[in-house]
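can't give you the sequence, but here's the structure:
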């Protein structure tokens, strides 16, 4: 009877027909469900519904060409920047087998990750698993994952990740072996602690990176290829092997020094306990230590300077810069440093870069304690992270920054022209005062549906210049407010736009030596400048001139140049022409 069933199953397999469809220039087999036991399951979450859409298409191709085996299964949820282009693929050998999935997913929705992992776990059985998330605009503890089409101007919060992981790991009883998050600033103490009950090993950037330039960007091919060759790898071995295909580098013009680290999340309780003891020591001695702490913070390695922030710092570098002559402090300091050394099992960074692999929220001004650098307002506060709930680190920061004693800045004053023309940029001067002389951020509502977001920080009473262009005629009520840890009242200003203005075209002249030309399927291209002149001209007839070299990183930074927008020649080692933008 059993042999008969096997024979019938084989006949069905041989004579069943399947369709070949084409999507995103890939050859796809459709609706073929796998139900096999594997040694490893790689669940790859490729979010290209943002500026990474062209690069994610290349990543998909690379993984497809590696293929899968009867020991290593690969599931890929892929979304690009168009509506209706979300695909769930199971990789069978080098064939992308499309699975049933909604036509468009919000990749910044917690349910999308939850449903993806739960479906893969339902369809397949395996001994080890890794969830690899690739996206852009990481915000550290403030949020992960950005979807331009459906994201509703929000990111998944740490508390939401806890809810996701609670569901997909059976409340931590079936932990993920590996969680890898390819995005800026994911390598934070707060993030690692939030994930510790649901994941064993965590791979992340402490700083940012430039996407699409191997070996300086995220290593997809090497670690996956090695796992295919050796499917008996342990989760720790697979995680650490990522560093063998990564080369740290300093990108001066982008203010990035890349760092990739692997953390054993089972050691994060020790990190939290040691930081908690440090926080208590600081609180008890804050009056004597405040100036010393400020001086050390001012010299500590900053993570995230690409986004013009300075409140994510390396904790070990910070501790090594403190000059406190006290045996109790030495004991506490050594305990913190040792806890990070044990938790971060591998860290690839430049020899001159004093980092440990995990950053820590450490603002130097009141306004940055709960300051959102992506959105107008935070969706969840720092005090709501598990690390803050379980430690006294946030209490120390409140004490150190003297937040409880704060009064808001005074209403800002904004000055500028009262009349203008559409499509022409105008400058405005903003200033305010504050009784405590705190540094402040400003938020400008331009009255046309656009805003500046929170910009800053600025010294109090410093005159700052902001610019804006209105597109149509009308009268606009401009509003501006300031904040340190509290917000001021609105200051107001009125400008009228009675005239039209014919804008000049914008373009960039490129000329010089280049290398590493990359092209996508549509022949759009990008490259690495070696010694290249860049002259840019904007609609206000203003020019800027730069000389770019390898330290700039890939050009353009986050996309490709369309041939239809470029007039000139681009060869393997040189470029000369005009890019119309």
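Good, I have the coordinates. Keep in mind it's a predicted model, so treat the numbers as computed, not measured.

can we go C-alpha only for contacts and neighbour counts from here?
Noted.

so what's the residue nearest to residue 565 when sequence neighbours are not counted up against?
Distance criterion CA to CA, 6 or more residues apart in numbering; nearest residue to residue 565, sequence neighbours excluded, is residue 580 at 5.2 Å. Contact partners of residue 580, counting by CA atoms under 8 Å, 6 or more residues apart in numbering, are 506, 507, 508, 565, 566.

and these, which is closest to residue 576?
residue 566 (9.8 Å; CA to CA).

against residue 95, how distant is that closest one?
Here the distance between residue 566 and residue 95 works out to 35 Å (CA to CA, to the nearest Å).

low-confidence stretches in the protein?
Within the chain, the stretches with pLDDT under 70 are 1-36, 405-406, 499-505, 539-541.

residue closest to the middle of it?
residue 138 (2.0 Å; CA atoms, centre = their mean).

and the strands in the stretch 251-400 of the chain?
Under the criterion DSSP state E, counting those that start in this stretch, the stretch 251-400 of the chain contains strands at 256-257, 260-264, 302-303, 312-313, 344-348, 360-361.

out of these, nearest to residue 162?
strand 260-264 (17.5 Å).

what pairs with the closest one, parallel or antiparallel?
Using DSSP bridges, strand 260-264 pairs in its sheet with strand 199-205 (antiparallel), strand 344-348 (antiparallel).

let's have these in a markdown table, adding mean neighbour count.
Listed next are the strands paired with strand 260-264 as a markdown table, based on neighbours: other CA atoms under 10 Å:
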| stretch | mean neighbour count |
| --- | --- |
| strand 199-205 | 26 |
| strand 344-348 | 21 |
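
residue 282 is nearest to which of the ones you listed?
Closest of these to residue 282 is strand 344-348, at 24.4 Å (criterion: CA to CA).

contacts for the closest one, please.
Outside strand 344-348, the residues touching it (CA under 8 Å, 6+ apart) are 240, 243, 246-248, 259-264, 356-358.

adding neighbour count and distance to residue 48, write those residues out as JSON lines.
Formatted as JSON lines, the contacts of strand 344-348 follow (neighbours: other CA atoms under 10 Å; distance: CA to CA, whole Å):
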{"residue": "240", "neighbour count": "23", "distance to residue 48": "26"}
{"residue": "243", "neighbour count": "23", "distance to residue 48": "24"}
{"residue": "246", "neighbour count": "21", "distance to residue 48": "22"}
{"residue": "247", "neighbour count": "18", "distance to residue 48": "24"}
{"residue": "248", "neighbour count": "19", "distance to residue 48": "24"}
{"residue": "259", "neighbour count": "30", "distance to residue 48": "23"}
{"residue": "260", "neighbour count": "28", "distance to residue 48": "21"}
{"residue": "261", "neighbour count": "23", "distance to residue 48": "24"}
{"residue": "262", "neighbour count": "28", "distance to residue 48": "24"}
{"residue": "263", "neighbour count": "31", "distance to residue 48": "26"}
{"residue": "264", "neighbour count": "21", "distance to residue 48": "29"}
{"residue": "356", "neighbour count": "23", "distance to residue 48": "30"}
{"residue": "357", "neighbour count": "30", "distance to residue 48": "26"}
{"residue": "358", "neighbour count": "32", "distance to residue 48": "26"}
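
between those residues, which sits nearest residue 466?
Distance ranking of the contacts of strand 344-348 against residue 466, using CA to CA, places residue 259 first at 33.9 Å.

nearest spatial neighbour of that closest one, skipping sequence neighbours?
residue 349 (4.9 Å).

circling back: write a ChimeraX command that selects only the buried members of the contacts of residue 580.
The buried subset of the contacts of residue 580, as determined by 16 or more other CA atoms under 10 Å, is captured in ChimeraX by this line:
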select :506,507,508,566
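
determine which two of the contacts of residue 580 are furthest apart.
506 and 566, at 12.5 Å, using CA to CA across the contacts of residue 580.

phi and psi next, for the residue lying closest to the residue nearest to the centre of the chain once chain neighbours are set aside.
Closest residue to residue 138 apart from its sequence neighbours, by CA to CA, 6+ apart: residue 184 at 4.5 Å. The phi and psi values for residue 184, taken as degrees, to the nearest 10, are phi -60, psi 140.

shouldn't residue 184 be in contact with residue 137?
Yes: with contacts counted by CA atoms under 8 Å, residue 184 reaches residue 137, the gap being 6.2 Å.

which of those two has more residues huddled nearby?
It is residue 184, of residue 184 and residue 137, that has more neighbours when counted by other CA atoms under 10 Å, with 25 against 20.

can you count the residues close to residue 213?
17.

how about residue 167?
Residue 167 - counted by other CA under 10 Å - has 16 other residues nearby.

what's the answer for the one 10 residues further on, then?
Around residue 177 sit 21 other residues, with neighbours defined as other CA under 10 Å.

pretty sure it sits against residue 128.
Yes: look at residue 177 against residue 128 with CA under 8 Å: they come within range, at 6.2 Å.

overlap of the contact sets of those two?
In contact with both residue 177 and residue 128: residue 235, using CA under 8 Å, 6+ apart.

can you give me phi and psi for the residue nearest to residue 259?
Per degrees, to the nearest 10, the backbone of residue 349 is at phi -150, psi 160.

residues contacting it?
Neighbours of residue 349 in contact, by CA under 8 Å, 6+ apart: 247, 248, 249, 258, 259, 260, 355.

any idea how far residue 347 is from the second one?
Computed with CA to CA, the distance linking residue 248 and residue 347 is 10 Å.

shared neighbours, those two?
Contacts common to residue 248 and residue 347, judged by CA under 8 Å, 6+ apart, are 259, 260.

so which residues of the stretch 301-450 of the chain form helices?
Applying DSSP state H, counting those that start in this stretch to the stretch 301-450 of the chain gives helices spanning 315-321, 327-343, 386-390, 393-401.

sorry, that was for the stretch 151-300 of the chain
Going by DSSP H, counting those that start in this stretch, the stretch 151-300 of the chain shows helices at 158-168, 189-195, 221-229, 235-241, 268-284, 286-299.

by contact count, what packs against the longest one?
Think helix 268-284. Applying 3 or more CA pairs under 8 Å, 6 or more residues apart in numbering; DSSP states H and E, one finds that helix 268-284 contacts helix 189-195, helix 327-343, helix 393-401.

can you put the ones you listed in CSV and add mean neighbour count and distance to residue 103?
Output for the helices and strands packed on helix 268-284, formatted as CSV (neighbours: other CA atoms under 10 Å; distance: least, CA to CA, whole Å):
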stretch, mean neighbour count, distance to residue 103
helix 189-195, 24, 30
helix 327-343, 17, 41
helix 393-401, 20, 42
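
export those as CSV, with columns for distance to residue 376.
CSV is the format used below for the helices and strands packed on helix 268-284 (distance: least, CA to CA, whole Å):
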stretch, distance to residue 376
helix 189-195, 22
helix 327-343, 33
helix 393-401, 22
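
what residues does stretch 48-62 touch?
Under CA under 8 Å, 6+ apart, the answer for stretch 48-62 is 26, 46-47, 78-82, 107, 135-136, 146-149, 211-212, 220-221, 520, 558-560.

report the buried residues of that stretch.
Neighbour-count burial for stretch 48-62 [16+ other CA under 10 Å]: 48-57, 59-61.

care to break this protein down by domain?
20-266, 270-343+351-405, 413-497, 507-580 (automatic domain parsing).
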